[in-house]
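> 3D model of this:
(chains A and B)
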Amino acid sequence: MTKYISARQAGIIAFLCILANKFLLLPSYMFKDNKSDSIFVMILLFALDFAMLPILLKLKKEFPEEKLFDILSKKITKPVTILFYMIFGVYFLFKTLIIVDVVYVYLKQQVYQEDFLAIAIMSIIPVVSHAAVKGIKTISRTAEFFLLLVIIGFVTCLGFSLFTTLNMPVLFTTPAKVFFSSIYKYTFSFGDFLVLYLIIDKIKIKKGEEKKLYKFSLSAMVLILSLFVLYYAKYEVTSFMHNDALSDILVFSVRFNAIGRLDIISMLTIMFIALFEVEIFCFAFCDCVENVFPLLSKPFIVAIFDISSLLCYFILIQKYERIVSLFSSWLSYVGIFINYVFPIICLTIALIAYFSRKKYEKLVDGGEK
Amino acid sequence: MSYFNVEKKVDEIKLTLNESSDFAYRFFDRNNQKIAFVYLKSIIDNTLLSESIYSPFQLFEGKFSIENIQNKIIKCADVKVIDEDQAIDELLDGKVILFTNFSSKVIAVDILSFPERVPSEPPTSPVLQGPREGFVEDIQTNVTLIRRRLKTPNLVMKTLKIGEESNTKVIVSYLKNIANKKIVERVLKNLSKIKTDGIIDSYYVLSFLEEHPDSMFKQIGNAEKPDIVVSKMLEGKVAILVDNSPIVLTVPFVIIEDMQNSNDYYTNHHYSSFIRLIRLLGLFVAVIAPGFYLSLQIFHYNILPLNFLITIADTTQGLPFTPFLEILFIFLLFQILYEVSLRLPSYLGLATSVVGALILGDTGVKAGLISPPGVIIVALSKIALYTIPEQASQITLLQIIFLVIGGSLGLAGIVGGMVYFINYMNTLDSYETPYLAPYSPRIEKDLKDGLLTSSVTEMNERPESFSPKIKERNHD
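Got it, this is the predicted structure:
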């Protein structure tokens, strides 16, 4: 079988990455600063994020079979590339921790109703480690298998939330300064296309299949924006109090034919999305380490990920407030690098390659004439 | 003219076969021309021997020669001249061997005969409509059943002999214009690598064909009906027939195959789609239900609807076992009853089922040892298991795994377990085919025969998953 993943599978990975860290805590957290204008902050951040996609496709076109590490090594020297990959590693490790922590707190409050750290570790680590060892082909196929379930779950939550009192959120109340500073503050929650950059050599995009990537990415963004709108319309000024957006929008909804606990739909959806996301990030982290330390074996790198994520969790985070403050302070620098600096570098590399190719083609054509 | 000692040859064979009690021979002598008829009386047709082989010799008046014997005297269709060193193999294959004192060549006449079953509807694949013929133990009959449905010169039947002691005939069958050459070669390579003393049934071959032999998941398809095998061969699969087995193996295998049933193709496709969805639901209930119920009972009683929670609380109050042990106990009880009813004669099996299911179950509930919801959940999962009987063994193992996961890790564990197993199944590509096709990876064209099936008139292309040589079904 082919070692490549299809454009559709790449699109699904992007879809899950976009959904993952924005559907629980982010709506309420952003509300504190921007009130309902968070919707516009999201649109702006999504637009900036989305710009990474055409750059990725341009890079893929110029370097169809090459690994990102090799492309960067050739163009910006190996030591700088290694430094980049180390930053990527940190980005994926902390992104994993944030997702795990946010979902853990949600499950603790809504599902387990007590601390279940050992259970969480036993439920996540073997699954994630196995997936990371098996590679992106396995992960993307599994994500493809569960995609319909995830979409149905997500849309059902949004759909049921309509059957309650909704008021249009009051917009344009945030001062411009606060609004624009949010772009810096929440930037770590974005940059979701970085995974696709890392696996650029493993994606096979046939002619005309680029639109699949756009389609999945846009769908995820639309789903998240719908969630934001419905959530703010439902909870209005108390939105900052409800930390589990996807689950909370179902509360107080009309139950048709006395359907009992609808929140099991959101629970399962959240668990599936979070697990896939952690699998993808674990793989991405391992890919970074593998490129920096090529002699290490895959299972060993996965073990490094497991241990370092546990250590980071216990030493740095453990407290919910700490992780929340972490992703909007120090980690924002990493976010800025991933979202803005790195794509600009990639665009420059792609454009230089493009113009060199054109120049060469012109020379060859001239010679032939 | 040189003379050969036929008595000596007969004695040598007799010794080679350890003076087996079914070994028989007869001499015919005329004008110094001596012929020995050697055979195993347990596997030949004695009437045919007497009427078509021995009598013509007595009636023949000319001089015997190998050509005369082969072309004029013996009145059987399958007569061939072989070398002496092949004699034992041919003898064991149910042929009469003729040694002469005037030639070093040996004649083998096929009059193989043994008691055989008439093709009938197999108990594992009954149909409401559609053909009822099933394969039998005789490989030749099975070849006939396939050949009758595929009257094309493209049908290939490659014969192999496997098993040092059993010398079992194995036939690899495929349509050479459709089946992927790489898959055929891989099958032949895997079969040729088999080193074993005996092949008793096709399941012995199956283990050698699996590309992930340590996996608990089924990787080779099987069928007991020629119409199923032929339809699979038309998709580009390779069939493996094993002598003495009514089960024909097919490769490559994808898991969706077990969701399909021959009935589906003989009824309205809308109804077939509905039934396939029911089978999927059955699979889901069978694998997850006990573990899910346990996780709700132990960890997540808060997410149960209130009425259901009250019912469970009422019925489980005062039980001596923990929820996990209770479900495990009921589960094992069902498994024991299943094994017993399978092994016992049908009249005793029925009695055991009544005693087990009704008396033990009912008394267990009344005695306060087990709870009614627990019995219902386990019974439901055990019944649901047989919506896909071909996967029963795997599902049973998965039930236990999810029971343990649900009881120890709760809902997070169950979700993790599901993702883990799908991840794992995605690594089980064999014979160039993804195990979970056409859903993972999604193969758009193959979805026509997926869970939601299309009409046969719309299935114009062969499944891409099996990489057939010719994709269109209506090619010229």
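
> OK, contacts around B:Ile228?
Applying Cβ atoms under 8 Å, 6 or more residues apart in numbering or on different chains, we find B:Ile228 in contact with B:Ser125, B:Ser262. For the C-beta atoms, the positions are set from N, CA and C on the backbone; glycine is no exception.

> how far away is it from B:Thr250?
Distance, B:Ile228 to B:Thr250, by Cβ to Cβ, to the nearest Å: 8 Å.

> got the residue ranges for the strands in the stretch 101-250 of chain B?
B:106-110, B:155-162, B:168-175, B:221-223, B:238-242, B:248-251 (DSSP state E, counting those that start in this stretch).

> try chain A
Here chain A has its strands, by DSSP state E, at A:5-6, A:203-204.

> dump the ones you listed to TSV, plus mean pLDDT, distance to A:Ser308 and mean neighbour count.
Listed next are the strands of chain A as TSV, based on pLDDT from 0 to 100; distance: least, Cβ to Cβ, whole Å; neighbours: other Cβ atoms under 10 Å in any protein chain shown:
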stretch	mean pLDDT	distance to A:Ser308	mean neighbour count
strand A:5-6	92	26	23
strand A:203-204	92	27	20
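
> let's have these in CSV, adding distance to A:Leu68.
Output for those, formatted as CSV (distance: least, Cβ to Cβ, whole Å):
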stretch, distance to A:Leu68
strand A:5-6, 15
strand A:203-204, 11
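
> could you chop chain B up by domain?
B:6-110, B:139-253, B:269-425 (automatic domain parsing).

> neighbours around A:Pro79, how many?
9 (other Cβ atoms under 10 Å in any protein chain shown).

> ignore what I typed, I meant B:Lys182.
Using other Cβ under 10 Å, B:Lys182 has 11 other residues around it.

> if I pick the closest residue to it other than its chain neighbours, what's in contact with it?
Distances taken as Cβ to Cβ, 6 or more residues apart in numbering or on different chains place B:Glu432 nearest to B:Lys182, at 6.2 Å, with adjacent residues excluded. The contact partners of B:Glu432, by Cβ under 8 Å, 6+ apart, come to A:Met1, B:Asn180, B:Lys182, B:Ile183, B:Arg186, B:Pro252, B:Ser467.

> ok, the third one to chain A distance?
Meaning B:Lys182. Noted for B:Lys182: a distance of 12 Å to chain A, by Cβ to the nearest Cβ, to the nearest Å.

> so which bits of the stretch 251-400 of chain B are right by chain A?
Proximity of the stretch 251-400 of chain B to chain A, by Cβ under 8 Å from any Cβ of the partner chain, involves residues B:Phe299, B:His300, B:Asn302, B:Ile303, B:Leu304, B:Pro305, B:Leu306, B:Phe308.

> coming back round to it: I'd like the strands of the stretch 101-250 of chain B laid out as JSON lines, including mean pLDDT, mean neighbour count and distance to A:Phe172.
Below are the strands of the stretch 101-250 of chain B laid out as JSON lines (pLDDT from 0 to 100; neighbours: other Cβ atoms under 10 Å in any protein chain shown; distance: least, Cβ to Cβ, whole Å):
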{"stretch": "strand B:106-110", "mean pLDDT": "92", "mean neighbour count": "22", "distance to A:Phe172": "94"}
{"stretch": "strand B:155-162", "mean pLDDT": "93", "mean neighbour count": "16", "distance to A:Phe172": "75"}
{"stretch": "strand B:168-175", "mean pLDDT": "94", "mean neighbour count": "22", "distance to A:Phe172": "69"}
{"stretch": "strand B:221-223", "mean pLDDT": "92", "mean neighbour count": "23", "distance to A:Phe172": "63"}
{"stretch": "strand B:238-242", "mean pLDDT": "96", "mean neighbour count": "26", "distance to A:Phe172": "68"}
{"stretch": "strand B:248-251", "mean pLDDT": "95", "mean neighbour count": "25", "distance to A:Phe172": "64"}
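
> looking at those strands, which is closest to A:Val229?
Proximity of the strands of the stretch 101-250 of chain B to A:Val229 was assessed by Cβ to Cβ; the nearest stretch is strand B:221-223, lying at 49.4 Å.

> the closest one pairs with which strands, and in what direction?
strand B:248-251 (antiparallel) (DSSP bridges).

> can I get the partner strand as PDB, trimmed to CA atoms?
Provided in PDB are the C-alpha atoms of strand B:248-251 (Å, rounded to 0.1, in the frame of the first residue of the first chain):
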ATOM      1  CA  VAL B 248     -13.400 -22.200   0.600                       C
ATOM      2  CA  LEU B 249     -11.000 -19.400   1.500                       C
ATOM      3  CA  THR B 250     -10.900 -16.100  -0.300                       C
ATOM      4  CA  VAL B 251      -8.300 -13.300  -0.300                       C
END
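
> quick one: mean pLDDT over the following helix or strand past it.
Note on strand B:248-251: by DSSP states H and E, the next helix or strand toward the C-terminus is helix B:262-265. Helix B:262-265 carries an average pLDDT of 85.

> now find how far off-centre helix B:262-265 is within its chain.
Distance of helix B:262-265 from the chain centroid (Cα atoms, centre = their mean, to the nearest Å) equals 19 Å.
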